[in-house]
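A.B. asks: Pasted the sequence and its predicted model underneath.
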Amino acid sequence: MAIFQNDTLYDESILKRLDLKKLESEISLPPGASALAPGPGLVVRPLSIADCTIGYIDVLSQLTDVGNVSEGMFIDTFKKMRACADTYYVTVIEDLNSNQIVGCGTLLVEQKIIHSCALRGRLEDIVVSDEYRGKQLGKLIVLLLTQLAKELNCYKVTLDCKDSNRPFYESLGYKKEESNSNFMVIRYR
Ligand SMILES: CC(C)(COP(=O)(O)OP(=O)(O)OC[C@H]1O[C@@H](n2cnc3c(N)ncnc32)[C@H](O)[C@@H]1OP(=O)(O)O)[C@@H](O)C(=O)NCCC(=O)NCCS
């Protein structure tokens, strides 16, 4: 899969345009670390088509049942997502020491017709690998994707979470909308 090594889901330069200094002021990273290099050997970057083979699926499996995703299924899905321009901002944290994905999060940008054809951001699939938790990486990925939603001109950014994770998101500025809080679902699986 070497030919896909640099094949990313979205243009990485958009991350560099964010107010990374503001973000760094909101978290306590180790000395010398920065928002896009949040610890020794750690890098924050868009999902790459090769990430299936370096732990992305394993990290997601710490969030939910990923199912049986072959490399071919991953690549086909990656290409479909990339074909939807300006929609999927799947972002990962890689540990270059072990060449493994250790955290991830997705900003999904939904085009609306309402609100004068506005964009709505949704945070999905936020997870940090268990041995990397407590190092501010979860906070970093949420704040980064939240700022990215603003940069992309989303009028709001939303997420669903378990009660146990509410304090985590509240500490990052998210609020439960009491007047609008009925999350409804029909499950097929
Ligand atoms: C939730 C999760 C992403 C947090 O990642 P993390 O890297 O451990 O979190 P951080 O180190 O950035 O923690 C930042 C702060 O939030 C706090 N925090 C972390 N998880 C928390 C939780 N579930 N509830 C309340 N506070 C939490 C930390 O204590 C830390 O506080 P501090 O800044 O005062 O030290 C991680 O625990 C995880 O992957 N959990 C399993 C998957 C999951 O539930 N994802 C969320 C789906 S909605």
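C.D. replies: Received the coordinates, thanks.
A.B. asks: Can you tell me how far Lys21 is from the ligand?
C.D. replies: Distance, Lys21 to the ligand, by CB to the nearest ligand atom, to the nearest Å: 18 Å. To be clear about C-beta, it is placed using only N, CA and C from the backbone, and glycine gets the same treatment.
A.B. asks: Now find how far off-centre stretch 158-165 is within its chain.
C.D. replies: Going by CA atoms, centre = their mean, to the nearest Å, the spacing between the C-alpha centre of stretch 158-165 and its chain's C-alpha centre is 15 Å.
A.B. asks: and it, which residues are buried?
C.D. replies: Residues Leu159 are the ones in stretch 158-165 that count as buried (16 or more other CB atoms under 10 Å).
A.B. asks: pLDDT (mean, whole number) over that stretch?
C.D. replies: Summarised as a single mean, pLDDT over stretch 158-165 is 96.
A.B. asks: so what's the closest residue to Tyr10 other than its chain neighbours bridging to?
C.D. replies: Take Tyr10 and drop its neighbours on the chain: the residue closest to it by CB to CB, 6 or more residues apart in numbering is Pro46, 4.9 Å away. Taking DSSP bridges, one finds Thr91 as the beta-bridge partners of Pro46.
A.B. asks: and Pro46, what is it in contact with?
C.D. replies: Listed by CB atoms under 8 Å, 6 or more residues apart in numbering, the contact partners of Pro46 are Thr8, Leu9, Tyr10, Asp11, Glu12, Leu15, Tyr89, Val90, Thr91, Val92.
A.B. asks: Select from these every entry located in strands.
C.D. replies: Applying DSSP state E to those, the entries found in strands are Tyr89, Val90, Thr91, Val92.
A.B. asks: just to revisit the earlier point, what separates the residue nearest to Tyr10 from the ligand, distance-wise?
C.D. replies: For Pro46, the distance to the ligand - CB to the nearest ligand atom - is 19 Å.
A.B. asks: Check what pLDDT that residue gets.
C.D. replies: pLDDT at Pro46 comes out at 98.
A.B. asks: Check the one 3 residues further on too.
C.D. replies: Taken from the predicted model, the pLDDT recorded for Ile49 is 96.
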